[in-house]
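In: only the shape, not the letters, is given here:
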Ligand SMILES: [Ca+2]
Ligand SMILES: [Ca+2]
Ligand SMILES: [Ca+2]
Ligand SMILES: [Ca+2]
C-alpha cells in the first residue's frame with residue numbers, strides 16, 4: 001500500500017513537473033511565435049503587392065489588397081483587387097481614388113506633392129497611436145469620434161473610414177460615398193506581379209516615401225495617429241506630429257434607439 005502511495009505520489013510529482021515543463025516550453029514558444037507572428041502579420045497585412053487581406057472580424061467587404069477600396073469596388077472600377085497600386089505609380093488605388101489629383105488607373109497621373117517640413121530618420125520614429133484596423137485613423141481618434149477602431153469600413157460600403165473622411169463622405173452611412181466617377185480600366189499595363197514595394201502598406205510606395213521624407217516602415221511616420229497617406233491627402237504634414245488633418249467627423253448614428 002505504502003509502495004503504491006509512493007508510486008502514486010511519484011507519478012503525480014512527475015505529472016506536475018511535466019506540466020510545469022509544458023507551460024514553460026509553451027510560454028517560450030509562445031514568445032517566439034508572437035515575435036514571428038508579429039513580423040509575419042506586419043508583412044502580410046501591409047505588403048500591398050502580396051495580396052495580404054486585412055483580417056476583419058466585422059464582416060466588412062473584403063479588401064484583398066488592403067488599399068482601402070473593397071475588392072468588389074475595384075472590380076467594378078476595372079482596378080486590380082489583388083494589386084494595391086493598379087497603375088504602379090507608387091500611390092495606392094485608395095489614395096489616388098480619394099483625391100489630391102491622382103488617378104488610380106493612369107500611371108502618368110500622380111497626386112499633388114507632399115507637404116512636409118523635414119525628412120524623418122528612422123530614429124525619429126515614435127510609438128504612435130495604434131491603428132488596429134489599418135484604416136489610417138488611430139484607435140484613440142476613432143474611439144473619441146464614435147467610430148469603431150476594429151472595423152476599417154463601419155458602414156460596409158467598400159470605402160474605408162479614413163478615405164471617407166478625407167472625401168467628406170459619411171463613414172456611418174453606406175448611401176453616402178466618396179464622389180468620383182469610376183476611373184477607366186487601366187490599359188496595357190502588366191500589373192501582376194509585382195507592384196512598387198510598399199513595406200508598411202500605407203498606400204505610399206517605398207520610393208515615394210524616400211523621396212518625400214517619410215518612413216518606409218511606419219504607416220504613421222510622425223506618430224500623431226494619422227497615417228502618412230491620410231495626412232498627405234488632407235494637406236497635413238506627415239513629418240510633423242503637430243500638424244494633423246482637419247477632418248470633419250459626422251455624428252455617429254444613435255445606437256440606443
Ligand atoms: Ca483605425
Ligand atoms: Ca465606408
Ligand atoms: Ca509605404
Ligand atoms: Ca501621421
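Out: Perfect, thanks for sending it. Since the structure is predicted, the reported quantities are computational estimates derived from the model, not experimental observations. Ligands and ions are numbered 1, 2, ... in the order given.
In: residue 171 touches residue 165, doesn't it?
Out: Yes: counting by Cβ atoms under 8 Å, residue 171 does reach residue 165; the two are 6.3 Å apart. C-betas here are computed from N, CA, C, even on glycine.
In: got the end-to-end distance for stretch 214-221?
Out: 6 Å (Cα to Cα, to the nearest Å).
In: repeat that for stretch 91-100.
Out: Stretch 91-100 end-to-end distance (Cα to Cα) = 11 Å.
In: next one: that stretch to chain centre, how far?
Out: In terms of Cα atoms, centre = their mean, to the nearest Å, the centre of stretch 91-100 is found 14 Å from the chain centre.
In: what of stretch 217-231?
Out: 11 Å.
In: what's the spacing between residue 203 and ligand 3?
Out: 7 Å (Cβ to the ion, to the nearest Å).
In: correction: the previous question concerned residue 240.
Out: 18 Å.
In: distance of that residue relative to residue 226?
Out: Residue 240 sits at a distance of 11 Å from residue 226 (criterion: Cβ to Cβ, to the nearest Å).
In: and these two? Which one has more around it.
Out: Neighbours per residue (other Cβ atoms under 10 Å) separate residue 240 from residue 226, with residue 226 holding more: 30 against 17.
In: pretty sure that one is in contact with residue 136, am I right?
Out: Yes: counting by Cβ under 8 Å, residue 226 does reach residue 136; the two are 6.6 Å apart.
In: is it true that residue 203 touches residue 94?
Out: Yes: applying Cβ under 8 Å as the test, residue 203 and residue 94 come out as touching, 5.8 Å apart.
In: need the residues touching each of those two.
Out: 67, 68, 84, 229 (Cβ atoms under 8 Å, 6 or more residues apart in numbering).
In: now, which of those residues sits nearest residue 121?
Out: For the shared contacts of residue 203 and residue 94, the residue nearest residue 121 by Cβ to Cβ is residue 229; the value is 20.3 Å.
In: contacting residues around residue 245?
Out: Counted by Cβ under 8 Å, 6+ apart, residue 245 has contacts 165, 166, 226, 230, 231, 233, 234, 235, 236.
In: pull out the buried members of the residues you listed.
Out: Neighbour-count burial (16 or more other Cβ atoms under 10 Å) applied to these gives 165, 166, 226, 230, 231, 233, 234, 236.
In: what sits in contact with each of residue 171 and residue 165?
Out: Common neighbours of residue 171 and residue 165 (Cβ under 8 Å, 6+ apart) are residue 249.
In: tell me who's in contact with residue 236.
Out: Taking Cβ under 8 Å, 6+ apart as the test, what residue 236 contacts is 115, 226, 230, 243, 244, 245, 246.
In: how is residue 81 assigned, secondary-structure-wise?
Out: coil (DSSP: H, G, I helix; E, B strand; the rest coil).
In: wait, doesn't it sit right on residue 61?
Out: No: counting by Cβ under 8 Å, residue 81 does not reach residue 61; the two are 10.8 Å apart.
In: who has more neighbours out of these two?
Out: The neighbour count for residue 81 versus residue 61, taken as other Cβ under 10 Å, is higher for residue 81 (21 against 17).
In: excluding its backbone neighbours, what's nearest that one?
Out: residue 71 (3.8 Å; Cβ to Cβ, 6 or more residues apart in numbering).
In: kindly report the same for residue 100.
Out: residue 111 (3.8 Å).
In: does that neighbour touch residue 96 like I think?
Out: Yes: the criterion here is Cβ under 8 Å, and residue 111 meets it with residue 96 at 6.3 Å.
In: perfect, I'm done here.
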